[in-house]
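Enquirer: Make a model of this:
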Amino acid sequence: MKPHLLVAALAMAFPWAAHAQTQAQAPSPLPSRPPSEDPNESDDDPTRELGVITVRASRPSSLPTQIPTTVHSITRDDIAHGINATDSEDALKYFPSLLVRKRYIGDYNHAILSSRASGTGNSARSAVYADGILLSNFLGNGVGGLAFPPRWGLVTPEEIDRVDVMYGPFSAAYPGNSVGAVVDYVTRMPKKLEAHVKVGHVLQPFDLYGTHSTHRAWQSSASLGSREGGWSWWINVNHTDSQGQPQTFATRLLSSGAANNNGTVVTGAALDADNQNRPWYVVGSGTQYNTTQDHLKVKLAYDINTALRASYVLGLWQNESEGNSVSYLRNASGQPVTSGPIHIDGRSFAALTGGDLPVTRERLLHAMHGFSLKQNTRGTFDWEVAASLYDYVRDDKRQNASNNTQPNALTGGAGTLADGRGTGWHNLALKGTWRPDPLINTHVVDFGYQFDDHKLRYRTTTLTRNYLQDNGGALASNVSGNTNMHSLHAQDTWKLAPRWKTVLGLRAEQWEANDGRTDFSGTSAIHHPTRRGVWYSPKAALSWQWLDDTVLKASVGRAVRMPTVNELYGATSTANSRHINDPNLRPERSRTTELTAEQDVGQVRARLTWFTEQTQDAIYSQTVFDPAANLNISRVQNVDHIATSGLELAASSEDALLKGLQLQGSVTYADSKIKTNRGFVNTPGDTDGRWQPNIPRWRATVAGTYRLSDRWSGTLGVRYSGRQYRTLNNADVNGQTYQGVSQFVTADVRLHHRFDKHWSAAFGIDNLNNKKHWNFHPYPQRSYTAELKFDL
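Expert: Numbering: from 1, shown residues only. Purely as a prediction, here's the structure:
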């Protein structure tokens, strides 16, 4: 094997790397990047030695002090120059093998993170933290009846100092939900008085089926913070007013029409094909959100002494959302048709209902509290105590009934009120780090205890008079239950020799699900028995500094992902959807491996990773449209065995071709198949040998930022995602339609200008090539962004 094999491989994938310098240098800190413009930036960023990341930060973080696996990072400076960031998840846009299913600005209920072997329907297979506080919503998985994406809204782009992503379940410090990835946001804490104000606007012309409109979003934010003596504080406020494009569409299969003269003769229906290539009419759009969101973050820290810090954070997120629908159909007089049987091109179809053209109104107020006391001497022993709480203070969703159609549904009538108040989770972590010889760190032992408690309370009532205003009403359904987990972990990072290092870890978890209850009406209740279990997850990693510029690593880890409360107990129903739970779900058990070669030759850094994952009893919620019932029906089930293997190539370059030019890119290939499955979609065996849903065979990113001067920079980024399926039996052969998942290539551009040390502005275009692409719902089309920012 030649010393610069990785650079040669990179040159094949990214031709610009072929001209990079090849002089060997010592491994650099992670990440390497141009000097920051920000004088307040932290000086305790993670460092790398022998392929193992060392975290030295004194601020609260979910990261252990030693990370034995692949880590990718981005800083606030990188985000400011290279990404049109309107939400915190936008920071992940060009990370290798990651995709966030963000459908519009402020997407609060479907923006799910996918990774190498976990798709956009598996939110419980990744863990997102901010300053050590859990943002991932492990009350459920994906979207089925209810939605469980991470609470991205509790972090704004302006707060971010850096983002670190750890791939795979190779650290004993995390639960089995880390099987896909761990995302750790570190937000700003100032070293002196600073203030920031930013305003932004986004404009998106949207053209699809019978929708021809322009959607806009306005954002404003302000931050103020300082440090005086041992005290430091930070306040951030953000307001978003966003108009999203339609997300759902009312349809009628051509084959369901009858050759008679019943119904209102209409025009305006768009003939298309569904995800199985069956002809259907698209007769209206729905779930067009107008959402207004407010965010408040208060952070306090006090340095008790030079090595001991107490921190507190309060986060509030408020959202008021209107979900609206529009009929494409017009009668002979040109008036909209929103109810009753319809007649299209000589065929009669089932009546339009409130489920076809739903009206929703949501009011949410969520609160987050976090406290930590952390000693960081970097000596023989350090420790941390951290506790956090996430509470659904208010969580109301109102929706019209199936028999309450527009225009009456816009002002009242029958409907439902779904109340999630009282839902939430709290976490406690006690951590310790022991360094027997802190001068040379031959051994670094991380250990700790964690307690995680999740409770789901979701009560739906039927309102007969005015669903937009009334409260109370007859019980339609009720879902409640708790899960909790006690865990112990320990891992030893051992420097075996000057060029060898190993990390050995073990995690023990005691899990319990209790007080499970599912009510299908006021007179029908099912009480579920308590379930308990204990599981063990060993971890191991070995790294070798083969050459001065090349590290080889091997990692293996077991992860046990427990069923969530909603998967166990969460049977729900609305006018246009239904979710079926399973209280007997088995935990999901995965064995993941990595073999990695990393090379750092100064101006070019490259990594090649071979990864595998064997998952037993994978937990899937599969949504299928039932044309007879005119409902999206979701059912949760175990899939016996899914196997994934693949290659990931990632690289970055600074000043290699041109001074001021920063390049990064990645290519991922994944072969992810269902090996065996006793469950099925339509007939036994129809999922065996099929592709795992929402995992593309190929995906790639490349982004280049050119800093023309100290004042100007320009960025071009391109993302590719290949063919994939949404259903377990891969019946959705047409991805380029509603409820399909399509391949795509999209390009983004951003131009950033700093007028002086206080004022800066940026202009950008996302989806420059205006690609129409889908992930069940349509992604945004070409969008124009403009920002103006003031920094004190």
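
Enquirer: What segments of the stretch 451-600 of the chain are helices?
Expert: Using DSSP state H, counting those that start in this stretch, the helices of the stretch 451-600 of the chain run over 565-569.

Enquirer: Residue ranges in it under the pLDDT threshold?
Expert: Along the stretch 451-600 of the chain, the parts satisfying pLDDT under 70 run over 572-579.

Enquirer: those strands in it, which residues are they?
Expert: Remark: strands assigned in the stretch 451-600 of the chain by DSSP state E, counting those that start in this stretch are 474-497, 500-521, 524-528, 531-547, 550-561, 572-573, 577-580, 588-600.

Enquirer: mind putting those in a markdown table, distance to residue 160 and mean neighbour count included?
Expert: C-beta coordinates here come from the backbone N, C-alpha and C atoms, glycine included. Compiled in a markdown table, those are given as follows (distance: least, CB to CB, whole Å; neighbours: other CB atoms under 10 Å):
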| stretch | distance to residue 160 | mean neighbour count |
| --- | --- | --- |
| strand 474-497 | 28 | 19 |
| strand 500-521 | 28 | 19 |
| strand 524-528 | 41 | 12 |
| strand 531-547 | 28 | 17 |
| strand 550-561 | 27 | 23 |
| strand 572-573 | 34 | 20 |
| strand 577-580 | 34 | 20 |
| strand 588-600 | 25 | 21 |
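
Enquirer: and the gap between the residue nearest to residue 257 when sequence neighbours are not counted and residue 729?
Expert: For residue 257, ignoring the flanking residues on the chain, the nearest one in space by CB to CB, 6 or more residues apart in numbering is residue 347 at 3.0 Å. Counting by CB to CB, to the nearest Å, the separation of residue 347 from residue 729 is 29 Å.

Enquirer: Residue 270 too?
Expert: For residue 270 relative to residue 729 (CB to CB), the value is 27 Å.

Enquirer: Please say which of these two ends up with more neighbours.
Expert: Each of residue 270 and residue 729 has its neighbours counted (other CB atoms under 10 Å); residue 729 has more, 20 against 16.

Enquirer: which SS state does residue 409 fall under?
Expert: Secondary structure for residue 409, judged by DSSP: H, G, I helix; E, B strand; the rest coil, is helix.

Enquirer: Spatially nearest residue to it, not counting backbone neighbours?
Expert: Distances taken as CB to CB, 6+ apart put residue 400 closest to residue 409, at 3.9 Å, once the chain neighbours are dropped.

Enquirer: and if you look at residue 90?
Expert: Nearest residue to residue 90, sequence neighbours excluded (CB to CB, 6+ apart): residue 83, at 5.7 Å.

Enquirer: Now the phi/psi pair for the one you found, please.
Expert: When read as degrees, to the nearest 10, the backbone of residue 83 gives phi -130, psi 130.

Enquirer: Same check on residue 470?
Expert: In terms of degrees, to the nearest 10, the main-chain angles of residue 470 are phi -70, psi 160.

Enquirer: so it makes contact with residue 463?
Expert: Yes. Look at residue 470 against residue 463 with CB atoms under 8 Å: they come within range, at 4.7 Å.

Enquirer: Regarding the closest residue to residue 274 other than its chain neighbours, which helix or strand does it belong to?
Expert: In space, residue 274 comes closest to residue 280 once its chain neighbours are excluded; the distance is 5.0 Å by CB to CB, 6+ apart. For residue 280, the host element (DSSP states H and E) is strand 279-305.

Enquirer: what is the mean pLDDT for that strand?
Expert: Taken as a whole, strand 279-305 has a mean pLDDT of 96.

Enquirer: List the strands paired with it, with their directions.
Expert: In the sheet, strand 279-305 lines up against strand 231-243 (antiparallel), strand 248-253 (antiparallel), strand 270-273 (antiparallel), strand 308-327 (antiparallel) (DSSP bridges).
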